[in-house]
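In: requesting a structural model of the entry that follows:
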Amino acid sequence: MREVDQILTIGDTFDPMAETAGITEVVKLLSDRKVIGVWGNHDYGFCREIPECYIQRYPAAMFDYLKSIGPSLVLGQMHFSHREVFVDPFDPIQLWDLTGEEIDNLMRAKQALLDDRYKLQFVGHYHDWMAFDQTGQLDWNGDRKLQFHPNQRYFVVVAAVRDGWCAMLDTHEQCLEPIDCTTDV
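Out: Below is the predicted model:
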């Protein structure tokens, strides 16, 4: 059994295009465990000006839970958001990555790491494991723990829960451990 102080979601917790079956159970699970987090591009429509058709279709408890999350979360020198720190989370075009600007992952990471307020930045939008520091992309794909060195800043993409992944961030040991939820939990 793993000891966990806080559970955090980095977006796309709910999806307006998905079936509604199971949402009440997911909301209860998140609420009972006091999960904090940020909205993603799929959650955005539930967190801002909510269309009447959503209010009719989804349980009120989901909207109550979503009131507790925001566009980003800062914990000390760690920044959690669904997209990079330079993306405006209130702009659906940027949040969905529909700007038409082709930026590769390395350029996204370099631009994010220009913001030196944060030692660690975590995003989830890309649904894959990737890690970068100021020197470039690291040789890491979620296959092992990622050790953070004290004098470096990192930009980390966390794979998606829907694909069976989560991660444990150990702030004492300064590492991120990918967890295959289908086998390790």
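In: tell me the contacts of S81?
Out: Going by C-beta atoms under 8 Å, 6 or more residues apart in numbering, S81 touches I10, G11, V38, P71, S72, L73, V87, P89, Q121, F122, V123. Heads up, the C-betas are built off the backbone N, CA and C, glycines and all.
In: so who does the spatially closest residue to it that is not a sequence neighbour touch?
Out: The spatially closest residue to S81, leaving aside those adjacent along the chain, is S72, at 4.1 Å (C-beta to C-beta, 6 or more residues apart in numbering). By C-beta under 8 Å, 6+ apart, the contact list for S72 reads V38, H79, F80, S81, V85, P89.
In: export the contacts of S81 to TSV and tack on secondary structure and pLDDT?
Out: Converted to TSV, the contacts of S81 look like this (DSSP: H, G, I helix; E, B strand; the rest coil; pLDDT from 0 to 100):
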residue	secondary structure	pLDDT
I10	coil	95
G11	coil	93
V38	strand	97
P71	coil	96
S72	strand	97
L73	strand	97
V87	coil	96
P89	coil	95
Q121	strand	98
F122	strand	98
V123	strand	97
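In: helices of this structure, residue ranges please.
Out: Taking DSSP state H as the test, the helices found in the chain are 23-32, 44-47, 52-57, 60-66, 92-95, 105-113.
In: any idea which of the ones you listed is most buried?
Out: Among those, ranked by average contacts under mean count of other C-beta atoms under 10 Å, first place goes to helix 44-47 (a mean of 20).
In: pLDDT on it, on average?
Out: Predicted confidence along helix 44-47 averages 91 (mean pLDDT).
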